[in-house]
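Asker: return atomic coordinates for the entry below.
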Amino acid sequence: EFQARIEQRSIGWAFRAADLNNFYGTKLSIQGGSGTANNAGITRFVVLNGKQVGREQFPIPVSLERGKPYRIRLSVHGDRFTTTVNGQVVGYWSDTKLSRGGFGFFSEPGEVSTIQWMTLAERDSTLGRLLSYFSLIRAPWLIAPIPVGE
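Answerer: Coordinates of the predicted model:
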């Protein structure tokens, strides 16, 4: 889960990233005028051995505005991935190509976003659930926004 602002065009994140050549990628994009109805979309794809495969783009039922903070949550359960924006489901998909890896952010040319905070939690075990509870407690004065894509 993270909170971010789209400054220009999109925000992108990678998950189950084994390295720079193998990961799942997702992007939220402002596709029309900022704040207009049906102006946003979600893009998802897989990068395998450095080659992008299965890129799909869909409209989402949420309007996005440049510079406005959004709380984005990616839930990964086995081979199922769900993305929410401010608590509303905007994307769901399933894939079995990658089974493990890390998390990160990326941008393509012309895309700029700011990450305000991020929480990463493993909740499949009792210890994971306990640690995820404490990860929700954060000191905002210790976290500086991280611009992505500048």
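Asker: got the phi and psi for Arg66?
Answerer: Main-chain dihedrals, Arg66, degrees, to the nearest 10: phi -60, psi 140.
Asker: residue ranges for the strands of this structure, please.
Answerer: Per DSSP state E, the chain carries strands over the ranges 2-8, 10-19, 22-30, 40-48, 51-59, 69-77, 80-85, 88-94, 102-106, 112-118, 146-148.
Asker: could I get those as CSV with mean pLDDT?
Answerer: Below are the strands of the chain laid out as CSV (pLDDT from 0 to 100):
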stretch, mean pLDDT
strand 2-8, 96
strand 10-19, 95
strand 22-30, 96
strand 40-48, 96
strand 51-59, 94
strand 69-77, 95
strand 80-85, 96
strand 88-94, 94
strand 102-106, 93
strand 112-118, 94
strand 146-148, 56
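Asker: for Trp13, what are its contacts?
Answerer: Trp13 makes contact with 2, 25-27, 72, 74, 103-106, according to C-beta atoms under 8 Å, 6 or more residues apart in numbering. Every C-beta, even on glycine, is put in place using the N, C-alpha and C of the backbone.
Asker: mind checking how far the spatially most central residue of the chain is from Gly91?
Answerer: Nearest residue to the geometric centre of the chain (C-alpha atoms, centre = their mean): Trp13, 4.5 Å. To Gly91, Trp13 is 12 Å away according to C-beta to C-beta, to the nearest Å.
Asker: hey, what's in contact with both of those two?
Answerer: Residues touching both Trp13 and Gly91 (C-beta under 8 Å, 6+ apart): Thr26.
Asker: follow-up on the earlier one: make JSON lines from the contacts of Trp13 and add neighbour count and distance to Arg80 to it.
Answerer: Below are the contacts of Trp13 laid out as JSON lines (neighbours: other C-beta atoms under 10 Å; distance: C-beta to C-beta, whole Å):
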{"residue": "Phe2", "neighbour count": "18", "distance to Arg80": "20"}
{"residue": "Gly25", "neighbour count": "18", "distance to Arg80": "17"}
{"residue": "Thr26", "neighbour count": "19", "distance to Arg80": "14"}
{"residue": "Lys27", "neighbour count": "22", "distance to Arg80": "19"}
{"residue": "Ile72", "neighbour count": "20", "distance to Arg80": "17"}
{"residue": "Leu74", "neighbour count": "17", "distance to Arg80": "11"}
{"residue": "Phe103", "neighbour count": "16", "distance to Arg80": "16"}
{"residue": "Gly104", "neighbour count": "13", "distance to Arg80": "21"}
{"residue": "Phe105", "neighbour count": "16", "distance to Arg80": "22"}
{"residue": "Phe106", "neighbour count": "17", "distance to Arg80": "22"}
